[in-house]
Every structure is written in C-alpha cells, then in structure tokens.
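# predicted coordinates and the sequence they were generated for:
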Amino acid sequence: MRGITCLFSAKVVSKMGTPIRRSTASNLGIRRPNETMRLIVTTFVGLVFGYFLGVSFPTVSLSKMNIPSSVSSSIDITHIEDKYSGLSTQALLNFWSSLKRNTGISHKFNNNKIWAPTNPRGAEGLPPGIVVTESDLYLRRLWGLPNEDIIVRSRYLVTFTVGYEQKKNIDAIVKKLTENFTILLFHYDGRTSEWDEFEWSKLAIHVSVRKQTKWWYAKRFLHPDIVAPYDYIFIWDEDLGVENFDPEEYIKLVRKHGLDISQPGLSPDSGMTWQMTRMRNDTEVHKETEERPGWCKDPHLPPCAAFVEIMAPIFSRDAWRCVWHMIQNDLVHGWGLDFALRKCVEPAHEKIGVVDSQWIVHQTVPSLGNQGTAENGKAPWEGVRERCRNEWAMFQDRMSAAEKAYFEAMGIDPPNSTAR
C-alpha cells in the first residue's frame, strides 16, 4: 500500500557519539523498544479514530446512509494510510477491519431510526408489525370494541353500476343474495338517497360519480388490495334478469369446474353477440364453442374458448388482481378487455367458462348511452357507441405494442400478435 514501508535504514548513535550505519537486512528480525512503542501508540490512535468515526457514521455502508458524495469521498483510505505509514500492512488492515466492526456495532445499538426495505414502497420507515397492506369493504360501527364490529364476514363482493331507473332489476338480484355477499352500488346518475326505500340499501356501499362506466369505477375503487378478503368479485351490469339464477349454487359450480373467470349463460332470447355466452341445456358448464367460419384461428382462443363477455363477469381473487392491472385508466368502456382476460389465467381455455345451469337474461337496456351528449349531429347513444369502438381498437393496439416491446427487450422474436 502507498506510503507504507517495512524495510528502512536508520542511523544509530553509539555511546561514544560515533554514528554507526547498520544495514537493513540485519534488522529484519529485530524490533527496538522505541519502535514497538510507536506501533502501540499508532495502533491505539487508529482504534480511537475508528471508534469516533463509527459513532459519527453509524452504518457500515456509506451508500445506505444517504451521505452526500462530498462527505463519503473525504473518508479516504489512502489518507489514513499516509497518516499511519509507519504501520505494517497487516496492522493497517486490522485497524480498518476494527473500524468497520465498530461502525456496525454503533448502528446496531445507537441508531433508533427504522428502515424496513421489505415493507411496501413508501412505508419503509414503519415497523413491519404495524403495516397493513390490505383493506376491505366491511362496515364498521362508531362505538363498541373493534373486534366486535363484524358478526359475519362476507366472502363475495357483488358490484352494480346503476341508475335509479333500473332499481327493480337490482332489487330482484339483491333479494337472491345471502349474507355471504357485500353489495356495492356505483351510481352514474347521482341518485343515491332514493335507494333507501330498500332496507338492504342501508347496509350497501354507495359510490356516486356522475356519467362514468363500471370499468372506470372498478379501476378506482376495486384495487386488489381493497377487495382481497373476497373469494369472488362480481362486476355486473344493471340490466340482468336473474329468475333462474342462484348465486350460492353458481359459486359451487365455479369451484367444482375450476373457473377463475366466468359468467352465467345467457338465455336464447337475450341480446348477445357471441355464441360462447349462449346457455346450453345439456351441461353444467361449457368452456368452448363453435363460431362463424374464420372467427377462431385457434379453438383454444377467443371467441371460441377462454372467453366471457364484460356484461356479467365473475373473477376469482387472484384473477382479478391481474385484470385490474390490465384495465386502462382512460379506456372506460372495457371493449376488447374480454378478449384479453385469458392473459390472466393459465391455461385459459380450462379456467375460463360459462355456467349453463345458472343462467340469466340480458335485457339490453341502453341506459348508459342516454348519459352521453349529442355532438356533431349525432344522438347521445351514437357518440357513446363510437367511443366504444374506438376504445376497442386502441386497447388492441396498446396490447400488441406492449407485447412486441417486451419480446424485443428480452431479445426474442415477437410472435404474431394475439391481442385481437
């Protein structure tokens, strides 16, 4: 190391005052008393220096201390080496090791600040025992003991995006639900207090934001960490008839057939676009279908398999965590999302299906279209429908671009886009 020499020449003065020059080699195995004392003193000074440095900088890693570069650069080992150039190499290494040990001990016993990198981002300064990463939609009392608030913990969450005009439909559905369900209404028309005519509404959760869609609400109020207590999440339209639907029996069939994403079958007289969603009379559940010629390049891909529509989907907790991240903030109608749901479960053609023995009627009420605004000579519903189509194309393009960018970043030739 720089500045350190173990071999040196020295002038020794005899008792007669005659200078005597002795060779370096002759002193290799001999250490004079004054040299020994010098080593002891300098080592002691080094240890003291290390102790005070450890107290001043109580972590081993300077980078983790967030010390400015101007400070960390000033603690220069070459400077210490120059200062204690009389020490042997091993003595200096022992000194530096001691300094680091003292620093670690100081950090352990003197630093009263908390830094837990395993905590969620932004919460590293909290003790892990106080961190609550998930929440719920359970109602709480304003009195009594917290552990006595909830008598029954709901296992399923059902949400409806509603206008007051469809109150009869919603009331009919809710009357079929058991205490296992938490009810959440998203009001796009701003009318919330009128729902108090229903006794169940007083225990429901109401969120009111005018002229928004269910996917807008879902992205903002159904974060996976909020709905984590629920095994299944229903995200339903308001215009559904449920005379032939039993929600508890439906859940049993979903579990039996291993479906993470599902929907009830649609009666033949429902308004429907895809054969996949049509109810069948000969089976409990179906996971594939035949469509028009040329519509399905792969029998395991939408719309012939791994497909349900966005009007009445039901997600398992794990599937919803993925789907929520796929929902785009600015694409609020959800068109095209149903073709991409398969990306959230594997194998999709086995874990996505339609439950036939519990079926519903889609009444095709264009209520949300009436919330639009007439522009450029177009009726309100025409502007809404045009945006739906545009969003579908935009979502397809984004998914294709994202997949391509991923494969290129990984150094893999992108396969043909599967977003369409």
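Here it is on my side, so go on.
# L253: neighbour count?
19 (other CB atoms under 10 Å). The way it works is simple: take the backbone N, C-alpha and C, and place the C-beta from them, glycine included.
# ok, which stretches of the stretch 301-420 of the chain are strands?
For the stretch 301-420 of the chain, applying DSSP state E, counting those that start in this stretch gives strands covering 314-316, 352-362.
# the chain now?
Secondary structure of the chain (DSSP state E): strands at 10-13, 19-22, 156-162, 181-187, 205-208, 232-236, 240-241, 261-266, 285-286, 314-316, 352-362.
# need the winner for burial among those strands.
Greatest average neighbour count among the strands of the chain goes to strand 261-266 (a mean of 26), per mean count of other CB atoms under 10 Å.
# can you list the strands of the stretch 301-420 of the chain in CSV and add distance to E165 and mean pLDDT?
Below are those laid out as CSV (distance: least, CB to CB, whole Å; pLDDT from 0 to 100):
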stretch, distance to E165, mean pLDDT
strand 314-316, 25, 98
strand 352-362, 17, 96
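# just send the strands of the chain back as a markdown table, with distance to W115 too.
Listed next are these as a markdown table, based on distance: least, CB to CB, whole Å:
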| stretch | distance to W115 |
| --- | --- |
| strand 10-13 | 52 |
| strand 19-22 | 58 |
| strand 156-162 | 36 |
| strand 181-187 | 37 |
| strand 205-208 | 37 |
| strand 232-236 | 35 |
| strand 240-241 | 51 |
| strand 261-266 | 40 |
| strand 285-286 | 50 |
| strand 314-316 | 36 |
| strand 352-362 | 43 |
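# so where is the stretch 301-420 of the chain shaky, pLDDT-wise?
Applying pLDDT under 70 to the stretch 301-420 of the chain flags the ranges 369, 416-420.
# all helices of it, in order?
Ranges of helices within the stretch 301-420 of the chain are 317-326, 337-340, 348-351, 380-409, based on DSSP state H, counting those that start in this stretch.
# okay, those helices in JSON lines with mean neighbour count and distance to I183 next?
Formatted as JSON lines, the helices of the stretch 301-420 of the chain follow (neighbours: other CB atoms under 10 Å; distance: least, CB to CB, whole Å):
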{"stretch": "helix 317-326", "mean neighbour count": "18", "distance to I183": "17"}
{"stretch": "helix 337-340", "mean neighbour count": "21", "distance to I183": "24"}
{"stretch": "helix 348-351", "mean neighbour count": "19", "distance to I183": "27"}
{"stretch": "helix 380-409", "mean neighbour count": "15", "distance to I183": "27"}
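# any idea which of those gets closest to P120?
P120 sits nearest to helix 317-326 of all these, at 15.0 Å, using CB to CB.
# what's the residue nearest to S135 when sequence neighbours are not counted in contact with, if anything?
Spatial nearest neighbour of S135, chain neighbours left out: I226 (5.1 Å); criterion: CB to CB, 6 or more residues apart in numbering. Going by CB atoms under 8 Å, 6 or more residues apart in numbering, I226 touches 134-137.
# what confidence value was assigned to I226?
Model confidence at I226, expressed as pLDDT, equals 97.
# how far away is it from N180?
According to CB to CB, to the nearest Å, I226 and N180 sit 18 Å apart.
# and if you look at H325?
Going from H325 to N180 by CB to CB gives 27 Å.
# quick one on the thing from earlier: I'd like to know which of the strands of the chain lies nearest to R342.
Evaluated with CB to CB, these place strand 352-362 nearest to R342, the distance being 6.2 Å.
# what pairs with that closest one, parallel or antiparallel?
Strand 352-362 has the following strand partners under DSSP bridges: strand 240-241 (antiparallel), strand 261-266 (parallel), strand 285-286 (antiparallel).
# just the helices from the stretch 101-250 of the chain, written as ranges.
Remark: helices assigned in the stretch 101-250 of the chain by DSSP H, counting those that start in this stretch are 167-174, 214-221, 247-256.
# now for this structure, the helix or strand with the poorest mean pLDDT.
Here the helix or strand of the chain ranked lowest by mean pLDDT, DSSP states H and E is strand 10-13, holding a mean of 36.
# and the gap between the closest residue to Q371 other than its chain neighbours and T373?
Counting by CB to CB, 6+ apart, K211 is the residue found nearest to Q371 once chain neighbours are left out, at 4.8 Å. From K211 across to T373, the span is 9 Å (CB to CB).
# same question for A218.
In this view, A218 and T373 are 23 Å apart by CB to CB.
# between the two, which is the more surrounded one?
Set A218 next to T373 and count neighbours by other CB under 10 Å: A218 wins out with 22 against 10.
# centre of the chain to stretch 265-284, how far?
Relative to its chain's centre, stretch 265-284 lies at 35 Å (CA atoms, centre = their mean, to the nearest Å).
# can you list the domain ranges for this protein.
Per the record, the chain has its domains at 10-22+32-110, 152-409, by automatic domain parsing.
# if L240 is in a bridge, with which residues?
H362.
# just list the residues touching it, thanks.
L240 neighbours (CB under 8 Å, 6+ apart): 169, 173, 311-312, 360-363.
# nearest to D338, of the residues you listed?
M311 (9.2 Å).
# do you know how far the closest residue to that closest one other than its chain neighbours is from A393?
Computed as CB to CB, 6+ apart, the closest residue to M311 that is not its neighbour in sequence is D237, at 4.8 Å. Separation of D237 from A393 (CB to CB) stands at 22 Å.
# how about the nearest residue to E391 once chain neighbours are set aside, phi and psi?
In this structure, E391 finds its nearest non-sequential neighbour in L331, 4.5 Å apart by CB to CB, 6+ apart. Main-chain dihedrals, L331, degrees, to the nearest 10: phi -100, psi 100.
# does L331 touch F395 like I think?
Yes - between L331 and F395 there is a contact under CB atoms under 8 Å: 5.6 Å.
# over to A116: give its phi and psi.
Per-residue torsions, A116: phi -120, psi 90 (degrees, to the nearest 10).
# okay, and the beta partners of the residue nearest to K287 when sequence neighbours are not counted?
What sits nearest to K287 in space, not counting adjacent residues and going by CB to CB, 6+ apart, is G353, at 4.0 Å. Note on G353: beta-bridge partners by DSSP bridges are S262.
# from L240, how far out is G353?
Counting by CB to CB, the gap from G353 to L240 is 18 Å.
# flag the shaky bits of the stretch 151-300 of the chain, pLDDT-wise.
Looking at the stretch 151-300 of the chain by pLDDT under 70, you get an empty list.
# how about H333: what's its closest non-neighbour residue?
Excluding the flanking residues, the one nearest H333 by CB to CB, 6+ apart is C388, at 4.6 Å.
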